[in-house]
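Engineer: sequence-free structure coming up:
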């Protein structure tokens, strides 16, 4: 609030997750909260979001990093979209749009105070650097089939931005290069060029 009152812009940068539904619920709730403050203060200061996503990484390494960072892994190996059994006839892009379109109803059920982690004991290793260092043990070279990609999360974010008319630059992503800097940069280049994710995925 003080930053907005001073007319300063705010950028909210996140850690990472694997559940597109929870990601969209958090993003929607936080955007609404900031929009309420902006309306109260006369639209002072801009608010943007930089959503953290893991870059191309082996599932095995991601699981180790997630344990260190206390990130739930329910949808690391099985997609949230795969759980939408009643819509199996839709492709993944259509599933992402359906997930975003259903958000207002899901938001009403989810809109309750969230438990705080303040005061809970922390492990000795904290932060992305510690996570990468702990997980960067020697592994066999990963194949394409073994590589986890943030496809569902990106499709869900894109659908959300279209459904809720985000301002240009309001929501973007940053990649954690847990699987190496080169694969992350290559994926970022494909995203800029519009070559990934594909509509037929």
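Structural biologist: Happy to help now that I have it. Being a predicted model, the structure only gives us computed values, none of them experimental.

Engineer: only C-alpha atoms from now on, for both contacts and neighbour counts.
Structural biologist: OK.

Engineer: and the pLDDT for the nearest residue to residue 157 once chain neighbours are set aside?
Structural biologist: Once flanking residues are discounted, residue 157 sits nearest to residue 24: 7.1 Å by CA to CA, 6 or more residues apart in numbering. The per-residue pLDDT reported for residue 24 equals 92.

Engineer: ok, how many other residues are close to residue 24?
Structural biologist: By the measure other CA atoms under 10 Å, the count of residues near residue 24 is 21.

Engineer: what about it, which helix or strand?
Structural biologist: Using DSSP states H and E, residue 24 sits within helix 20-40.

Engineer: so which elements touch that helix?
Structural biologist: Using 3 or more CA pairs under 8 Å, 6 or more residues apart in numbering; DSSP states H and E as the contact criterion, the elements in contact with helix 20-40 are helix 103-110, helix 151-163.

Engineer: go through stretch 157-177 and flag the buried ones.
Structural biologist: Of the residues in stretch 157-177, those with enough neighbours to count as buried (16 or more other CA atoms under 10 Å) are 157-161, 171-172, 174-177.

Engineer: tell me how far the residue nearest to residue 157 lies from residue 77.
Structural biologist: Computed with CA to CA, to the nearest Å, the distance linking residue 24 and residue 77 is 19 Å.

Engineer: now do the same end-to-end measure for stretch 146-154.
Structural biologist: Start-to-end span of stretch 146-154 (CA to CA) is 19 Å.

Engineer: so where do the strands sit in the protein?
Structural biologist: 10-13, 47-54, 57-58, 147-148, 171-176 (DSSP state E).
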